[in-house]
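*Asks:* Turn this into a structure:
(chains A and B)
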Amino acid sequence: MSGPSAFKASLLLKMVAKSSRNQSLLDKFCRWLVNREVERSPEEDFMRDEIVDNDLGFDPDELSAYQSGRLET
Amino acid sequence: MPAAPPIDPQAIASAEYTERPVREGVTTKRVICASCDIACNVVAEVQKERVTRIRSSDNPIFRDNICMKGIIAPKGFANPTRLMKPLKRVGERGSGEWEEVSWDDAIADIGDRLKAIIAKHGPEAWAVSTSQWNTGTDHGLGRRIMNHIGTPNYISGVALCAGNTAAVSRYTYGWFPMGDFANTKCIVLMGHNPRRHSWTPMYNFIRSAQAKGAKLIVMDPRKSSSAERADIWLPLKVGSDVAMMFGWLKVIIDEELYDKDFVANWTIGFEELKERVDEFPLDRVAKLTGCNPDMIAKAARMYATEGPSIIPWTPITDMQRNSTSGIRLQGILRSICGYVDAPGGERLEGFNPDIINESVIEMHEAISEEQKAKQLGSENHPAFTYRGQDMFREPTKRVYGQEYANLVMGCHMATPSATFRAMAGEGPYPVKAFFFLGNNPMMSYANMKLIIKAMMNQDLIVAHEQFMTPSAQLADYILPADSWLERPWMMDTFSWTSTVRFSEKSMEPPGACKSTFEFWKLIAGALDRPELVPWDTIDDLYDWRLASTGKSFAQMCAETEIHFKPAEYYRYKKVGFATPTGKVELKSTGLEALGFDPLPYFREDPPVDPQYPLMLFTGVREDGFFQTGHRHIPEMRKRHPDPLAFVSPGTAKAQGLAEGEWVEVSNQLAKISIKVAIKEAMPDGLVRVPHGWWKPEMEQGAGRLSGALKYADAQLCRDDPDYLDREQGIPHLKGVPCRIDKVAGSTLEPGAEEATIGATPKAKEPAE
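*Replies:* Okay, here's the model as predicted:
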């Protein structure tokens, strides 16, 4: 590998190293850039879950009906 | 099993916040979630006298400490299959024939039958299995009654999950350390993978530490989500953690990266340790672990030089044939690098001085030495039994002010396999009565076949449960249990840390459900020993425990979420360590006195039977479930409709397996049915199997057990000598030879079409 690709790869590696060090302002900037690039969007983040993201709680009457078997789910 | 969230009490104490406004008709309670074992501070919203929502705490320190299992709790506990009344078996054991009885009638009969068993066989014929972390309100009362009655045969899932780490840690430095996440500079995860919906606070603390610049080193055969975020990922062979730690020590000692002053002044056995470590040059470690020697060295240097570092507790080390050596090596790494009781390192907190701790309530002084000596398993595997822990009474009194410290409930246990053998009629004496509380023992220990035999051989089985688990199906009595929404809780992390937290009761328990406190109070009365539980209510017990603070439990709940003593580092410089020598024992005088190798060592895998060419990793946790629970909740089952075995694309190709195909995973003990999930993150040759699978909707009773006989991983968990840790007698669950066999016919399980409604997992997702 040579030319622009090698330069880009080398730059990325340096940025990741700085990002990992996370001490100077430049480190922190690199970390922000790297995070921005690698962070998953909410739709693709398998660790997110609608139960958490959209939680509004339950209706007390529906819970009572569910508990007594009068409501399926 | 259990884990204490690495909270920073000082930060919490100084946190200022206002509670979120609530809608009209809604009241809030500050509670601690017990849907898993990590105990997140959350808020319960109450409408019409029932909890309708669990949300994250208003305190910014606890922000985001919530997962799907907590949020679904109001519905999970409202499930129509929840047990509401005491049930008495009326047919053959396991026949599924029950009649409803009153608590009074049940307790009277249980008392009479238990007294008859004790009169005939002795008190040691009564064994109890609990998971106090889940039952929450036991507070040592079970052990208290057992100790006065005279039985030492208490077992718990903590025998292979944190409780054993606590007990074995004492052989090195006298206490069980907790990582100082708030100040650390380097975190080492050994196979453990905290994530958004599993060990959520730990995940948040690791992310927070990383954001502040802390390094992350992950040892894990698979590329977990933690490994993806790590500075160094060491994809070691399953079960080779001990060899890896020897490699780290080789680098740290050879390159003199250790804390020479600490080693000289506060340790014993360094030269002997060095000789043992010299048996592990990096090329040997590389062969044993399958990792690049340069990366091993780099990780070791990072741990030793970029600290203070922490190695948070991990269940992975707890469940290996080299568990004792692994736990000791973690302690040795922490110690020689000078991280023990140092800021940003590993804190040895001791008891909270303001409350009466559970070790006091348990009254271990009440059981005679003669009865202690009968504790099952203590002859061959004494590490966490009374016999093994006895040597810490004097040092613990010297350093922490009292003789008994039952840290994480794990320091005075019988060994599970020996207990089940005695229950099955294969032990030194008969065990004929078995109680279990908040615990599904059949599926929670190794060798499920033995456990079923043991249970079928009992004269009396009593379960305190919320749902009809496979274990409960074999009971004589099932007594309905309350939930964490329906009881108060004072949480002292079982003395792992010195923080105490408070949880308000949010609603009344439904039907005839009762707390563990009430259960034990009734049992004490039935055994004609009501004086053992003299408190009328659990609030009275809490008030008694808090008396020296000058505040009642209700006042504490109103004023704070946490009570703590300020962090005190380097306490050992004043009082030494709570070991027999008062120093960190790199070479353990305690293990030597028990007849074991005083230095850590590595037992390699026994020769592989060519019939079982793959390696099995059992005990995998899925986000929607905790242990064997939560299978009854539709929302959770939608996410995990069936058990999935994770394999690599290479293994799938070699075995001719397709995504979603039903197969059988087997070893010399048993076989289970499971679906294939192909994950790029998995290494070739390894099969990860989830823990605790059964399906509540399937047929109950002996011979079926709601699918447990078909799916449960405990059937594959061996407890023969090659697969037991020598010192503790706990099973090796991380790297057991197995095979995968295709099942002829459809890729769908017959009759299971409706159940398989979850989305197909994606190969590129980490193998969580």
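*Asks:* Give the burial count for the residue nearest to B:F384 when sequence neighbours are not counted, as a bare number.
*Replies:* Nearest residue to B:F384 in three dimensions, chain neighbours excluded: B:A167, at 3.6 Å (C-beta to C-beta, 6 or more residues apart in numbering or on different chains). No exception for glycine: its C-beta is placed from N, CA and C like everyone else's. B:A167 is flanked by 31 other residues according to other C-beta atoms under 10 Å in any protein chain shown.
*Asks:* ditto for B:L541
*Replies:* B:L541 is flanked by 23 other residues according to other C-beta under 10 Å.
*Asks:* And the pLDDT at the closest residue to chain A within the stretch 51-200 of chain B?
*Replies:* The stretch 51-200 of chain B approaches chain A most closely through B:R53 (2.8 Å), counting by C-beta to the nearest C-beta. pLDDT for B:R53: 96.
*Asks:* do the same with B:I311
*Replies:* 98.
*Asks:* Compute the distance between it and chain A, please.
*Replies:* B:I311 is 19 Å from chain A, where distance means C-beta to the nearest C-beta, to the nearest Å.
*Asks:* Just say helix, strand or coil for the closest residue to that residue other than its chain neighbours.
*Replies:* In space, B:I311 comes closest to B:V188 once its chain neighbours are excluded; the distance is 4.5 Å by C-beta to C-beta, 6+ apart. The three-state label for B:V188, taken from DSSP: H, G, I helix; E, B strand; the rest coil, comes out as strand.
*Asks:* isn't B:D741 right next to B:E664, touching?
*Replies:* Yes - using C-beta atoms under 8 Å, B:D741 is in contact with B:E664, at 4.7 Å.
*Asks:* Common neighbours of these two, please.
*Replies:* B:K671 (C-beta atoms under 8 Å, 6 or more residues apart in numbering or on different chains).
*Asks:* between those two, which one's more packed in?
*Replies:* B:E664 (16 against 11).
*Asks:* what pairs with the residue of the stretch 51-200 of chain B closest to chain A across the strands?
*Replies:* Assessed by DSSP bridges, B:R53 has beta-bridge partners B:E45.
*Asks:* now do B:A127
*Replies:* In this entry, B:A127 is beta-bridged to B:F434, by DSSP bridges.
*Asks:* Please identify the buried residues of the lowest-mean-pLDDT helix or strand in chain A?
*Replies:* When each helix and strand of chain A is scored by mean pLDDT, DSSP states H and E, helix A:50-53 comes last, with a mean of 81. Neighbour-count burial for helix A:50-53, counted by 16 or more other C-beta atoms under 10 Å in any protein chain shown, picks out A:51-52.
*Asks:* Run the chain-centre distance for that helix.
*Replies:* Remark: helix A:50-53 is offset 14 Å from the chain centroid, using C-alpha atoms, centre = their mean, to the nearest Å.
*Asks:* which outside residues touch that helix?
*Replies:* Helix A:50-53 has contacts (C-beta under 8 Å, 6+ apart) with A:42, B:66-68, B:71-72, B:197, B:635.
*Asks:* Mind checking which of these are buried?
*Replies:* Counted by 16+ other C-beta under 10 Å, the contacts of helix A:50-53 give B:66-68, B:71-72, B:197, B:635 as buried.
*Asks:* Could you list the contact residues of chain A toward chain B?
*Replies:* Contact residues, chain A versus chain B (C-beta under 8 Å from any C-beta of the partner chain): A:20-23, A:46-49, A:51-52, A:55-61, A:63-64, A:66-69, A:73.
*Asks:* Buried subset of the residues you listed as a PyMOL selection?
*Replies:* A single PyMOL command selects the buried members of the residues of chain A next to chain B (16+ other C-beta under 10 Å):
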select buried, chain A and resi 20+21+22+46+47+49+51+52+55+57+58+60+63+64+66+67
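*Asks:* out of the residues of chain A next to chain B, which are inside helices?
*Replies:* A:20-21, A:51-52, A:60-61, A:63-64, A:66-67 (DSSP state H).
*Asks:* Leaving out sequence neighbours, find the closest residue to B:P281.
*Replies:* Counting by C-beta to C-beta, 6+ apart, B:P281 lies nearest to B:K250, which is 6.5 Å off, once chain neighbours are set aside.
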